[in-house]
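> model this:
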Amino acid sequence: MATLELQPPPATKLPELDDAVDEDDLSPIEEVRLTVTNAPTTPVWTFRMWFLGLLSCCLLSFLNQFFGYRTEPLIITQITVQVASLPIGQFMAMVLPEAKFRIPGLGSRLFSLNPGPFNMKEHVLISIFANAGSAFGSGSAYAVGIVTIIKAFYGRSISFFAAGSSSSRRRAKLGNSDAEKQDGSGAQDSRWRDDFGNAGVGIGWAGLLRKYVVEPAHMWWPNTLVQVSLFRALHERDEQRMSRAKFFLIALICSFSWYVVPGYLFTTLSNISWVCWAFSNSATAQQIGSGMRGLGLGALTLDWTVVASFLSSPLISPFFAIANVFVGYTLIIYVVMPIAYWGFNLYSADRFPIFSSHLFTAQGQRYNITAIVNDKFELDIPKYEEQGRIHLSMFFALAYGFGFATIASTLTHVAFFYGREIYERYRDSHRGKTDIHTKLMRRYKDIPSWWFHLLLVVSLAVSLALCIFLNDQVQMPWWGLLFASALAFGFTLPISIITATTNQTPGLNIITEYIMGIILPGRPIANVCFKTYGYISMAQAVSFLNDFKLGHYMKIPPRSMFLVQFIGTILAGTINTAVAWWLLNSVTNICQDDLLPPDSPWTCPGDRVFFDASVIWGLVGPRRIFGTLGNYQAMNWFFLGGAIGPIIVWLLHKALPKQSWIPLINLPVLLGATAMMPAATPLNYNAWILVGTVFNFFIFRYRKQWWQRYNYVLSAALDAGVAFMAVLLYFAVEMENKSITWWGTNGEHCELAACPTAKGIEIDGCPVN
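Numbering: from 1, shown residues only. Below is the predicted model:
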């Protein structure tokens, strides 16, 4: 009987790793030997896989893009689908008919909707679909942010059918809604083509590098072992009275029911900043106690979206990672920040809010960005000089400084602490020795190289056409695309090797922004497009390679893996774009936090930072911010400090080898602890650290069996319950403008936290000192 799968399974029985295997065939990595087994020969392309995979991809891409515009942008990852799809798949295996049938035009092959029990390989491919729907853990598609900043922040429109720069100038004079109505479909089509080009380039790079970082046994990708362990745990026979499926359902109902309270009836429970309530007339006290606009001392929440936003669910983060983040977060927020703001008043910090991602004038007023953009969507120098230099809040300035230090420290940390290991494993991977996993995978038909070559050519051709024929809108010249692609390809192999051997992925987004800002200043959209192709395509390639390695361990036919990745990515990008366009045109004043009601969730914190980056690196340019023409030239020293720091730690370790605590100092983690801030806030970090410590230290240590059975299941249920209730609330009450107004729905009650404390600075709604 044939099943709906890509190819028949190998005729020869594949040996189990638990059976006798030649020692030379075993993986040289102990963690792999202990975790990975050989999945049995089972159907792959089944009706269940297609139905649940496509459904999960659609749901996650919709929900993640929907949440991406909210103050607490909950990211629903593949783990939610990994847990939820198991009972559904098992239910489908029980109820679907087993009858065989033929499909006209496909000859005499017999097919069945139910080829047997729901198996692990189907489950893996469903999760790969889901991973594409969650933008590989990022939540929403990065390229969609370009449309958001153009429409919601710059107040312009981007269209595939725009009639040159003259029509752009005409639209600039229209209101936001009029411009959007004029070109809606065109901009959506333009952004979809950009998504396709970016994803195609990422898959293409990954395909060309598979033999270097997927097939070799020494390229072991530690992150995939977590997935393998979870798949094995979920597919073990469950004979407990409280099964995982039953626990998931109960927790989902509880999460779904509770979210109506912080999500609609009593929204202040999302941001319990009690210090502000106690000191309602003190700007300084509110700066200290506000969880959203201050340092968040004592700030708490009863809202799961606050806990899991930005940093993902704390239940799936190991405690050592939580501890490192806690140390770095505490040092930066509660030591460095008070010293910089109140101690030294660096960069006249008291003229601006202590914690804000907005841009300011020297007088502490919000910087009018649209006033310095001319009709060609470039920097208007006279208008810029009229307003003066751009100023940042103290935390935003330090965030960039620590970002510089994190990039440099990651490179030197990996080079000194893991350089020899990376080199040896890369050298071993070319000695011709293969482990059992690679030998078993060679029994399946490999992906022809021309698939990847064709995809690369088509993707680059689409992107080049965008740069040549719509240059007045994307601003990036054709050579910028080629330069960005070359940069991405050049970094993909070393970054993949680092990730595959150390589980650390250096983030190079600031480097791409800096490079394009120096080469082509004054063009904000060119800068974000360059970053998308130069950094995001590389990050996507690493994510695709990670999925390929998971399929390698789980014995998924390579062609099945490729097609699921490709279809899932295109489907998710299409839905992301459609949802973004719908919300941008239906939510009044979306992303404009100064025009929205206090309890409105549509503040777009991530897109606000993306917009600020386009201004800093693209429109104004790094020379006018971090260079000789700006205020923050000293921040460049963070590059040097970050590069030297790990070398000092390494030398101390060599000089004092008996001090076991020295190599535990991980400067990239400590310096990058607050990398998500902004848009994340101290409230998010407080909640994430607290909940993560409870579950991954105390419960893991004292109730290990419970943790092993239910921890990941609980995380998935909390995500799913909140997501479904949030969507229900939007359609049931928010679209109908049915709101509740009382003290408990008036936000955080920390209005003075956003006020400056310098003398003589006048800001609406703030006391004058």
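> shouldn't residue 80 be in contact with residue 713?
No - between residue 80 and residue 713 there is no contact under Cβ atoms under 8 Å: 10.0 Å. (C-beta placed from N, C-alpha, C; glycine too.)
> where do the strands of this structure begin and end?
In the chain, the segments counted as strands under DSSP state E are 100-101, 111-112, 359-360, 391-392.
> who does the first one pair up with?
Looking back up the chat, that one is strand 100-101. Strand 100-101 pairs in its sheet with strand 111-112 (antiparallel), by DSSP bridges.
> what separates the partner strand from the chain centre, distance-wise?
Averaged C-alpha coordinates place strand 111-112 at 38 Å from its chain's average position (Cα atoms, centre = their mean, to the nearest Å).
> got it, and stretch 73-88?
16 Å.
> any stretches of the stretch 1-150 of the chain with poor pLDDT?
1-40, 137, 139 (pLDDT under 70).
> can you map out the helices along it?
Ranges of helices within the stretch 1-150 of the chain are 30-35, 47-68, 78-95, 120-133, 144-148, based on DSSP state H, counting those that start in this stretch.
> what's the most buried one of the ones you listed?
Comparing the helices of the stretch 1-150 of the chain by mean neighbour count (mean count of other Cβ atoms under 10 Å), helix 120-133 ranks first with a mean of 27.
> report the angle between it and helix 47-68.
30 degrees (axes from the mean of the first three to the mean of the last three Cα atoms, to 10 degrees).
> what is helix 120-133 packed up against?
helix 47-68, helix 78-95, helix 222-235, helix 537-554, helix 558-586 (3 or more Cβ pairs under 8 Å, 6 or more residues apart in numbering; DSSP states H and E).
> nearest the middle, which residue of this protein would you pick?
residue 138 (2.0 Å; Cα atoms, centre = their mean).
> let me see the contact set for it.
Contacts for residue 138 (Cβ atoms under 8 Å, 6 or more residues apart in numbering) come out as residue 75.
> now it: how far from residue 540?
Here the criterion is Cβ to Cβ, to the nearest Å. By it, residue 138 lies 9 Å from residue 540.
> then stretch 704-715 to PDB, C-alphas only?
Output of stretch 704-715 as PDB, limited to C-alpha atoms (Å, rounded to 0.1, in the frame of the first residue of the first chain):
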ATOM      1  CA  LYS A 704      12.300  16.400  38.600                       C
ATOM      2  CA  GLN A 705       9.800  13.800  37.500                       C
ATOM      3  CA  TRP A 706       7.000  16.400  37.200                       C
ATOM      4  CA  TRP A 707       9.300  18.700  35.300                       C
ATOM      5  CA  GLN A 708      10.300  16.000  32.900                       C
ATOM      6  CA  ARG A 709       6.700  15.000  32.100                       C
ATOM      7  CA  TYR A 710       4.900  18.400  32.100                       C
ATOM      8  CA  ASN A 711       7.200  21.300  31.900                       C
ATOM      9  CA  TYR A 712       7.300  21.700  28.100                       C
ATOM     10  CA  VAL A 713       3.600  20.700  27.900                       C
ATOM     11  CA  LEU A 714       2.700  23.500  30.300                       C
ATOM     12  CA  SER A 715       4.700  26.100  28.300                       C
END
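> buried ones in it?
707, 709-715 (16 or more other Cβ atoms under 10 Å).
> next step: those restricted to helices.
707, 709-715 (DSSP state H).
> what two of these have the greatest distance between them?
Spatially, the most separated pair among these is 709 and 715, at 12.8 Å (Cβ to Cβ).
> dump the helices and strands packed on helix 120-133 to CSV, plus distance to residue 243.
Shown next, in CSV, are the helices and strands packed on helix 120-133 (distance: least, Cβ to Cβ, whole Å):
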stretch, distance to residue 243
helix 47-68, 19
helix 78-95, 9
helix 222-235, 11
helix 537-554, 23
helix 558-586, 28
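> where does this structure have low pLDDT?
Within the chain, the ranges that satisfy pLDDT under 70 run 1-40, 137, 139, 158-198, 238-240, 425-426, 428-435, 502-504.
> got a list of what the nearest residue to residue 285 once chain neighbours are set aside touches?
Closest residue to residue 285 in three dimensions, ignoring its sequence neighbours and counting by Cβ to Cβ, 6 or more residues apart in numbering: residue 279, at 3.5 Å. Counting by Cβ under 8 Å, 6+ apart, residue 279 touches 285-286, 289.
> next, count neighbours for residue 521.
21 (other Cβ atoms under 10 Å).
> so who does the nearest residue to it once chain neighbours are set aside touch?
Excluding the flanking residues, the one nearest residue 521 by Cβ to Cβ, 6+ apart is residue 621, at 3.0 Å. Taking Cβ under 8 Å, 6+ apart, we find residue 621 in contact with 379, 517-518, 521-522, 627.
> thought residue 752 was touching residue 767, still the case?
Yes - Residue 767 is within contact range of residue 752, at 7.5 Å (criterion: Cβ under 8 Å).
> settle it for me: which of the two has more neighbours?
Neighbours per residue (other Cβ under 10 Å) separate residue 767 from residue 752, with residue 752 holding more: 23 against 12.
> tell me if I'm right that that one and residue 769 touch.
No - Residue 752 is beyond contact range of residue 769, at 11.6 Å (criterion: Cβ under 8 Å).
> any idea how far residue 547 is from residue 515?
Counting by Cβ to Cβ - residue 547 and residue 515 are separated by 29 Å.
> looking at the two, which one has more neighbours?
Using other Cβ under 10 Å, the more surrounded residue of residue 547 and residue 515 is residue 547, with 28 against 20.
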